[in-house]
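Chemist: I'll drop the sequence and a predicted model, then ask my questions.
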There are 10 protein chains.
Amino acid sequence: MSEISREIIETFENPYSQRDYSIETICPEFTSMCPKTGQPDFGTLTITYVADQKCFELKSLKLYLQQFRNYGAFYENVTNLILDDLVAATEPRSMKIVAEFTSRGGIRTNVTVEYRS
Amino acid sequence: MSEISREIIETFENPYSQRDYSIETICPEFTSMCPKTGQPDFGTLTITYVADQKCFELKSLKLYLQQFRNYGAFYENVTNLILDDLVAATEPRSMKIVAEFTSRGGIRTNVTVEYRS
Amino acid sequence: MSEISREIIETFENPYSQRDYSIETICPEFTSMCPKTGQPDFGTLTITYVADQKCFELKSLKLYLQQFRNYGAFYENVTNLILDDLVAATEPRSMKIVAEFTSRGGIRTNVTVEYRS
Amino acid sequence: MSEISREIIETFENPYSQRDYSIETICPEFTSMCPKTGQPDFGTLTITYVADQKCFELKSLKLYLQQFRNYGAFYENVTNLILDDLVAATEPRSMKIVAEFTSRGGIRTNVTVEYRS
Amino acid sequence: MSEISREIIETFENPYSQRDYSIETICPEFTSMCPKTGQPDFGTLTITYVADQKCFELKSLKLYLQQFRNYGAFYENVTNLILDDLVAATEPRSMKIVAEFTSRGGIRTNVTVEYRS
Amino acid sequence: MSEISREIIETFENPYSQRDYSIETICPEFTSMCPKTGQPDFGTLTITYVADQKCFELKSLKLYLQQFRNYGAFYENVTNLILDDLVAATEPRSMKIVAEFTSRGGIRTNVTVEYRS
Amino acid sequence: MSEISREIIETFENPYSQRDYSIETICPEFTSMCPKTGQPDFGTLTITYVADQKCFELKSLKLYLQQFRNYGAFYENVTNLILDDLVAATEPRSMKIVAEFTSRGGIRTNVTVEYRS
Amino acid sequence: MSEISREIIETFENPYSQRDYSIETICPEFTSMCPKTGQPDFGTLTITYVADQKCFELKSLKLYLQQFRNYGAFYENVTNLILDDLVAATEPRSMKIVAEFTSRGGIRTNVTVEYRS
Amino acid sequence: MSEISREIIETFENPYSQRDYSIETICPEFTSMCPKTGQPDFGTLTITYVADQKCFELKSLKLYLQQFRNYGAFYENVTNLILDDLVAATEPRSMKIVAEFTSRGGIRTNVTVEYRS
Amino acid sequence: MSEISREIIETFENPYSQRDYSIETICPEFTSMCPKTGQPDFGTLTITYVADQKCFELKSLKLYLQQFRNYGAFYENVTNLILDDLVAATEPRSMKIVAEFTSRGGIRTNVTVEYRS
């Protein structure tokens, strides 16, 4: 099973750090593996943050998220882990991630995690 | 008529209990029996909670809810009972259940119950 | 013209009166008569309340509302009257009715009334 | 129980009878009574026709349909009866009625009837 | 496991058998059991037919379909079986059933069967 | 160019003035003229108010709004003017108007004005 | 009452007359007057045609349709009249107009007319 | 890069082979790799077929499709290849696959392939 | 004003030319200039074709369409021109383009062109 | 690469400056260039403001925004720059811009910036 490296996330300097403003990035093509069944999971991640000095670069975010393609983790773990990694990489004023997973066995789950500096 | 056992609900340890975060589980295939008419009722349950030390396991939640398939109860009873059982099983920081039942005789009903520790 | 009797509304004992919770009942098949033109009006009533000791029984609510089928009343009257009758019958902690009427002459009207004990 | 009179339907001369063209009239506020339960039924009628010499007048169509407000009839009867009455009144080149009734007991029914001269 | 009895289906005399017309009945609350996993399946049945001498009665159709609540059968079987039973009970000019089942494991299935006399 | 007369607005006595409740009237067929281009503008007005002693009568509201059919005014003017006229006519406890105009040159505009007594 | 002039419609040479292709023009802001009630009517016109040598110019079509703003005509008349005028102006290989009018008294009407050369 | 094995597809005997009927299976969680960019592609497959003697089993279909998770192929190849494999496995009377891929660079593509015996 | 070069369109060999199948490519980000007003136009192109020996490559299609960004042409011209260029580049068995342009002055236009070999 | 001039933005005197009211202008046809890839970006801008003495004129706003057609800038820059320019031109009591960009590589981004005087 592959490992997740947060070093992949690249940042650029926030061009308007003097102003609090919100960036929302929506990733409807997230996929990981269920560690219990070995089956793929699918979901949509919505990442909203107020940057401080650093914004994440979108292409590197995509490559970071693609690491989960063959990685096994439960919904709650995966969402908290991504928050930790993005907070570490960008040191934002605040960040929120909503992860909406597709239905399994007639049940679907959304996980919402938040960070405030 | 069958009995409802809350012992069926299994839990796992909340992997990020140091952080308050929200888990929303949506079950659109809930069905029980009307105790008055003997006819089946259908509805969607949306369970939202902030876990403390325990999260409910989804497969066991499904089996717990399937106990209602041949169980007779009114909307208000069923929703409050499920809240009581899930709170007892997981001892969450807070929990909310919205139950939306399908139309009967041109009228439909939603019940919203909440628990705060 | 027929009369409206609030005695038709039956109640049952709130099974969880120790907890504040919300019951929302949606009636999309409401119809009454316009007292000015004699033409039928159509609308959707959404009744939301926190019960105290009594909940209204749905079949009796339906029969209560069917009394308006040949009853003439303006939108504002009808909505306030139903609130008064349901409050009298159930003595709730709070109740809100939103009545959305269909379009007449290219104009449509919604009336929202609220009761707090 | 009230009677249905087709004499209420007024017509006007088709202003372009030299051309086959289609008139579709949609009535989402149709209501009648169920002869079995005594409960009101609700539905949407869509009447599509190619007029010959006569078009039905909309205000009189509305009054004609309002006769069903306190009239008891099953879905299949009501739809065929309205087709018969409108064909008798307007003698069209063709006419089709789709009646879509609202849900009862978790089941809903649409009836489609057609006339060709 | 329960048995399915087609004798439950009651019919009434087609009130307009001289005319070919279509009756469409939609049942969004169909549920049966998967014989392999023992888990409940859910789906929507749309039954469209041109009656000859007999129409099925809706209340009895509902009771007929409720027999499947604790009956185990695969999608393809269940749909063909219902067609056979309804054709036997009503001897229609033609009948079509579309069964749309909810998602399992990220995959959902619709089955369409038709009968022509 | 025609003039706008607020005298057209008729009122009736608020039947439940002892209770604060909200009346929302939606007019999707509003049209006026652009004073710059001479072209017609189209929009939807949503008027929400808490009446004090007087409610506006819907037929007279319609006639009042039809005066704008050949009247030239910019979006901002028209919305504020209607608020002023309706406030003068009904002396409400509060009133809000949202005017949503259709797209021109790939751009569309909504204006929201409010009055509080 | 104003007159309708078809001379307003300007055309340009079909740039690809060697090929049969379809042009669909949708006008959701059509308005005329009801000759019976004096009230404005609103609707959406969808004009689809295969041009021969001439296409209508859109700005002139708009001005042509604006002539109906204060013109009284019934739905059936107006739709057939516009077809006649556009056919006269552009001499197309074929043309179809669907006019969808907004609801009046709970009833709405669509008129479909077609021309084939 | 992994290989695709059609041997994974299991079948069961068509329970109603005497009747032509249609089975539609929708797989919204299909994913493969772009051989040019190495980036994952996502899409929805809709497989519709009339079985002869054999139906494909859903769990094995899922496993068959999961082989594409780390397999590189262009849209056109992948869709035709899946048709070939499913036809070989089930020998149907007819089969159709519609593959709808998500947007890349502001452009999205659907591929439709059909087999008739 | 820039020129349109059809040489930009690259093709690859149809991998399944022995089978007639359909490829649909949807481009919602098409933009060109109106030659009359100098204003930008926006639209969605849907290109559907049955390839013979050659398929167009998507990246090159995108670059081809971007040439229209600063190019002035009427709706009818632009759609026919793109069809001619794509037919010349790919020599398909058949091709159809539907171009849906956004609203201007309250009117919007769709153009549909087809090629058959 | 072209320059952006804020001098293009024309204003007119706020006709109701004595009242705080909100103007929302929605521009779904915004397009600029990505400075990294040279590819066009597309998005919808929603500008909401409470004017003080000056409102922006819509035709000049459109011309101002068209300057970005061949201008290269990242999402965060472009949104903040437009806010700065519109604030400088109109000196509003408050202003908010939401920019929603279309999907690139399966990821889309919205930027929200606000100004308060």
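Modeler: Right, received. Where do you want to start? Numbers count the residues shown, from 1 in each chain, chains lettered A, B, ... in the order given.
Chemist: for the residue nearest in space to the middle of chain A, which three-state class applies?
Modeler: For chain A, A:Ile82 is the residue whose C-alpha lies nearest the centre (C-alpha atoms, centre = their mean; 4.2 Å). Classification of A:Ile82 using DSSP: H, G, I helix; E, B strand; the rest coil returns helix.
Chemist: before we move on, what about the one 3 residues further on?
Modeler: Secondary structure assignment for A:Asp85 (three-state DSSP): helix.
Chemist: ok, for it, nearest residue in space, not its chain neighbours?
Modeler: A:Arg6 (3.9 Å; C-beta to C-beta, 6 or more residues apart in numbering or on different chains). Quick note: C-beta positions are derived from backbone N, CA and C, even for glycine.
Chemist: re earlier: next one: the residue nearest to the centre of chain A from chain H, what distance?
Modeler: Going from A:Ile82 to chain H by C-beta to the nearest C-beta, to the nearest Å gives 17 Å.
Chemist: setting aside sequence neighbours, what's the nearest residue to that residue?
Modeler: A:Ile97 (6.1 Å).
Chemist: bridging residues for the residue of chain A found nearest chain C?
Modeler: Closest to chain C within chain A is A:Asn110: 21.5 Å, counting by C-beta to the nearest C-beta. When bridges are called by DSSP bridges, A:Asn110 pairs up with A:Glu100, B:Glu24.
Chemist: so how far is chain I from it?
Modeler: Distance, A:Asn110 to chain I, using C-beta to the nearest C-beta: 28 Å.
Chemist: need the contact list for that residue.
Modeler: By C-beta atoms under 8 Å, 6 or more residues apart in numbering or on different chains, the contact list for A:Asn110 reads A:98-101, B:23-24, B:26.
Chemist: ok, of those residues, which one's closest to chain H?
Modeler: Scanning the contacts of A:Asn110 for proximity to chain H, where the rule is C-beta to the nearest C-beta, the winner is A:Phe101, at 11.2 Å.
Chemist: what score does the closest one have for pLDDT?
Modeler: Note for A:Phe101: predicted pLDDT of 97.
Chemist: pretty sure it sits against A:Asp41.
Modeler: Yes: distance between A:Phe101 and A:Asp41: 6.0 Å, which falls inside the contact criterion (C-beta atoms under 8 Å).
Chemist: what residues are shared contacts of the two?
Modeler: Counting by C-beta under 8 Å, 6+ apart, the residues touching both A:Phe101 and A:Asp41 are A:Tyr75.
Chemist: would you map the strands across chain A?
Modeler: For chain A, the strands defined by DSSP state E cover A:11-13, A:22-33, A:40-50, A:54-56, A:94-101, A:108-116.
Chemist: give the buried residues for the third one.
Modeler: For strand A:40-50, burial by neighbour count (16 or more other C-beta atoms under 10 Å in any protein chain shown) applies to A:40-43, A:45-50.
Chemist: using PDB, write down the CA coordinates of that strand.
Modeler: Taking C-alpha atoms only, strand A:40-50 is exported to PDB below (Å, rounded to 0.1, in the frame of the first residue of the first chain):
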ATOM      1  CA  PRO A  40     -12.600   1.800  -3.900                       C
ATOM      2  CA  ASP A  41     -14.400   4.700  -2.300                       C
ATOM      3  CA  PHE A  42     -15.400   7.800  -4.100                       C
ATOM      4  CA  GLY A  43     -16.200  11.300  -2.900                       C
ATOM      5  CA  THR A  44     -16.200  15.100  -3.300                       C
ATOM      6  CA  LEU A  45     -13.900  17.200  -1.200                       C
ATOM      7  CA  THR A  46     -14.700  20.900  -0.700                       C
ATOM      8  CA  ILE A  47     -11.700  22.800   0.800                       C
ATOM      9  CA  THR A  48     -12.400  26.400   2.000                       C
ATOM     10  CA  TYR A  49      -9.700  28.500   3.600                       C
ATOM     11  CA  VAL A  50      -8.600  32.000   4.400                       C
END
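Chemist: so what secondary structure elements neighbour it?
Modeler: When contacts are defined as 3 or more C-beta pairs under 8 Å, 6 or more residues apart in numbering or on different chains; DSSP states H and E, strand A:40-50 packs onto strand A:22-33, helix A:75-90, strand A:94-101, strand H:22-33.
Chemist: and the average pLDDT for it is what?
Modeler: Rounded mean pLDDT across strand A:40-50 is 97.
Chemist: again, but for the fourth one
Modeler: Strand A:54-56 comes out with an average pLDDT of 97.
Chemist: how far is that strand from where the chain is centred?
Modeler: Distance, stretch centre to chain centre, for strand A:54-56: 13 Å (C-alpha atoms, centre = their mean, to the nearest Å).
Chemist: in stretch A:87-94, what's buried?
Modeler: Buried-residue list, stretch A:87-94, by 16+ other C-beta under 10 Å: A:87, A:89-90, A:92-94.
Chemist: model confidence for A:Ala73, exactly?
Modeler: 89.
Chemist: can you check A:Lys36 too?
Modeler: pLDDT for A:Lys36: 88.
Chemist: spit out the contact partners of it.
Modeler: Contact analysis of A:Lys36 by C-beta under 8 Å, 6+ apart lists A:Phe74.
Chemist: cool, A:Tyr115 as well?
Modeler: For A:Tyr115, the contacting residues are A:83, A:87, A:92, A:94-96, by C-beta under 8 Å, 6+ apart.
Chemist: nearest to chain H among the residues you listed?
Modeler: A:Leu83 (22.5 Å).
Chemist: state the pLDDT value of the closest one.
Modeler: So, for A:Leu83, pLDDT stands at 98.
Chemist: my read: it touches A:Ser94, true?
Modeler: No: here A:Leu83 does not reach A:Ser94: they are 11.2 Å apart, not a contact under C-beta under 8 Å.
Chemist: what is in contact with the two at once?
Modeler: Common neighbours of A:Leu83 and A:Ser94 (criterion: C-beta under 8 Å, 6+ apart): A:114-115.
Chemist: and for the residue in chain A that chain E sits nearest to, nearest residue in space, chain neighbours not counted?
Modeler: Proximity to chain E, evaluated over chain A using C-beta to the nearest C-beta, is greatest for A:Ser103 at 5.3 Å. Nearest residue to A:Ser103, sequence neighbours excluded (C-beta to C-beta, 6+ apart): E:Ser103, at 5.3 Å.
Chemist: quick check: that neighbour vs chain D, distance?
Modeler: E:Ser103 sits 21 Å away from chain D, going by C-beta to the nearest C-beta.
Chemist: run a quick neighbour tally on that residue.
Modeler: Burial of E:Ser103, expressed as a neighbour count using other C-beta atoms under 10 Å in any protein chain shown, amounts to 19.
Chemist: wouldn't it be in contact with A:Arg108 here?
Modeler: No: when contacts are counted by C-beta under 8 Å, E:Ser103 is not listed as touching A:Arg108 (9.5 Å).
Chemist: can you count the residues close to A:Thr102?
Modeler: Neighbourhood size, A:Thr102 [other C-beta under 10 Å]: 16.
Chemist: give me every residue that touches it.
Modeler: A:Thr102 sits next to A:41-43, A:108, E:106, H:28-29 when contact means C-beta under 8 Å, 6+ apart.
Chemist: rerun that using 6 Å as the cut-off
Modeler: A:Phe42 (C-beta atoms under 6 Å, 6 or more residues apart in numbering or on different chains).
Chemist: so who does A:Pro28 touch?
Modeler: Residues in contact with A:Pro28 (C-beta under 6 Å, 6+ apart) are A:Thr44.
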